[in-house]
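1. got a predicted structure plus its sequence, pasted below:
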Amino acid sequence: MNVWKLTAPGKLELTEAENPAREEGKVRVRVTKVFFSGTDAAIYAGTAGVHRAIIPGRYAVGIVAEESGVNFLPKGTRVLLHAVVNAPDTGTRSKDFSEDDFLLCGRTADGYLRDLVNLSPEDVTPLPDSVSDEQALLLHHVALAKAAADKLGVKKGQHVAVVGANLAGVLLCQLLIYQQAAPILIDEETQRLEFAKSCGIYYTMAADDTLLTNVANVTGGRLVSGAVYMASSRRNAPVIPFSVCAQHANVVLCGFGEKLSVDFALPFKKQLSVFCVTHRSDNPEAAINLIVSGAVDISPFEFRTVRADDAARLLAEYHDAPRSLKTIDVVRLV
């Protein structure tokens, strides 16, 4: 089978390997599509370090390649491959002190840029016909948005700030609108905010010196009832969600394990409750339901699909000239 491995920064090598041996209790999946994100590009360029040669590709869909004995996963079933998997237990010491509880595919564990992979049944989710491959590739981002919205606990009609107009930020705003809240999307890049408007987000604001005044004008001087900070959108200062919140509000720091330097003086002063939500593969069925029900709409995005042989070029171009928010890059393996 074909395997693409990142052996050094800027060096993605195609190798031939034996098909993985059958493993008891595992499901063999043929990978069909992989979604490359900015994190994949950063790992390729060496700016987001990994400590060994690794197969990239965190988000993927595939098809069960052969009968596995798992009733709900017969051969031919289209599946979502989970981007986050449980770390193996070495049995030496409590994971709370020595080990990660989970691994990120394509970063701390091999990813999915390969023809075949053996996975535990709990690491894949069957996809209904009503969910396209493109929608499925964004399910982890939808799940992250739902987790952030649940932590906020906002009520109908309340104003909420979402700091960071990235993919997850846009999907979160759509979900909050579906829940009848009033999100305000904040970002330093006006081009991203313009695209967000085409996604149905009607309150967008630049992260500049007029931000507090603009937020106060929309909220009647009360500021927002809660805020989410997208940690992967580092161009926006981490203090912004605290500054736009009213007293006693909830603030969610939402991300994929990025390092943040946060000054907590303002949260103490305002007595804010701060929560952290990270990227997991929990409850993908809820994310599927949100897609099917129309709570989030990916139709404004453009999916650009390339062959696997073009994966290295795609990653290099992504890092040299980052894609617009509108473009979703997909590698097709089949």
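-> Everything's here; your move. Numbers count the residues shown, from 1 in each chain.
2. the stretch 101-250 of the chain: helices as residue ranges?
-> For the stretch 101-250 of the chain, the helices defined by DSSP state H, counting those that start in this stretch occupy 133-137, 139-152, 167-178, 190-198, 211-219, 240-243.
3. and these: which comes nearest Phe303?
-> For Phe303, the closest of those is helix 133-137, at 5.0 Å, according to Cβ to Cβ. Backbone N, C-alpha and C define where each C-beta goes, glycine included.
4. so how far is the closest one off the chain centroid?
-> 13 Å (Cα atoms, centre = their mean, to the nearest Å).
5. now do it: which elements does it pack against?
-> When contacts are defined as 3 or more Cβ pairs under 8 Å, 6 or more residues apart in numbering; DSSP states H and E, helix 133-137 sits against strand 27-36, strand 59-64, strand 327-332.
6. measure Ala65 to Arg30 for me?
-> In this view, Ala65 and Arg30 are 4 Å apart by Cβ to Cβ, to the nearest Å.
7. need the overlap of contacts for those two.
-> Common contacts of Ala65 and Arg30, defined by Cβ atoms under 8 Å, 6 or more residues apart in numbering, comprise Leu116.
8. looking at those two, which one has more neighbours?
-> Ala65 (19 against 16; other Cβ atoms under 10 Å).
9. and the pLDDT for that one?
-> Note for Ala65: predicted pLDDT of 94.
10. which residues sit in contact with it?
-> 28-30, 75, 116.
11. who wins for neighbours among those residues?
-> Counting neighbours by other Cβ under 10 Å, Val29 leads the contacts of Ala65 with 27 neighbours.
12. one step back: now the helices and strands packed on helix 133-137 in TSV, with distance to Phe102?
-> As requested, those are exported to TSV (distance: least, Cβ to Cβ, whole Å):
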stretch	distance to Phe102
strand 27-36	19
strand 59-64	15
strand 327-332	24
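13. one step back: possible to save the helices of the stretch 101-250 of the chain as TSV with distance to Leu14, mean neighbour count and mean pLDDT?
-> Putting the helices of the stretch 101-250 of the chain into TSV (distance: least, Cβ to Cβ, whole Å; neighbours: other Cβ atoms under 10 Å; pLDDT from 0 to 100) gives the following:
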stretch	distance to Leu14	mean neighbour count	mean pLDDT
helix 133-137	22	21	97
helix 139-152	26	24	94
helix 167-178	28	25	96
helix 190-198	34	16	95
helix 211-219	47	15	96
helix 240-243	43	23	97
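14. nearest to Ala308, out of these?
-> Of the helices of the stretch 101-250 of the chain, nearest to Ala308 by Cβ to Cβ is helix 133-137, at 15.1 Å.
15. ok, and what's touching the closest one?
-> Against helix 133-137 from outside (Cβ under 8 Å, 6+ apart): 32-33, 35, 59-61, 78, 80, 127, 291, 298, 303, 328, 330.
16. closest one to Val244 out of the contacts of Ala65, please.
-> Val29 (43.6 Å).
17. would you list the helices of the stretch 101-250 of the chain in TSV and tack on distance to Asp282?
-> Output for these, formatted as TSV (distance: least, Cβ to Cβ, whole Å):
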stretch	distance to Asp282
helix 133-137	16
helix 139-152	7
helix 167-178	15
helix 190-198	26
helix 211-219	32
helix 240-243	23
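18. which one of these lies nearest to Arg22?
-> Checking those against Arg22 by Cβ to Cβ gives helix 133-137 as the closest, at 25.7 Å.
19. got the CA positions of the closest one in PDB?
-> Presented in PDB, the C-alpha positions along helix 133-137 are these (Å, rounded to 0.1, in the frame of the first residue of the first chain):
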ATOM      1  CA  ASP A 133     -17.800  13.300   2.600                       C
ATOM      2  CA  GLU A 134     -17.100  17.100   2.700                       C
ATOM      3  CA  GLN A 135     -19.500  17.600   5.600                       C
ATOM      4  CA  ALA A 136     -18.000  14.600   7.400                       C
ATOM      5  CA  LEU A 137     -14.500  16.000   7.100                       C
END
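20. output the below-cut-off pLDDT ranges for the chain.
-> Within the chain, the stretches with pLDDT under 70 are 49, 89-100, 257, 319, 321-322.
21. okay, now the domains of it?
-> 2-138+300-332, 140-278 (automatic domain parsing).
22. hmm, back to that, most neighbours, which of the contacts of helix 133-137?
-> Most neighbours among the contacts of helix 133-137, by other Cβ under 10 Å: Ala60, with 29 neighbours.
23. so which of the helices of the stretch 101-250 of the chain comes closest to Ala227?
-> Across the helices of the stretch 101-250 of the chain, Ala227 has its closest neighbour in helix 240-243 (3.6 Å, Cβ to Cβ).
24. what packs against that closest one?
-> When contacts are defined as 3+ Cβ pairs under 8 Å, 6+ apart, helix 240-243 packs onto strand 159-163, helix 211-219, strand 224-230, helix 265-270.
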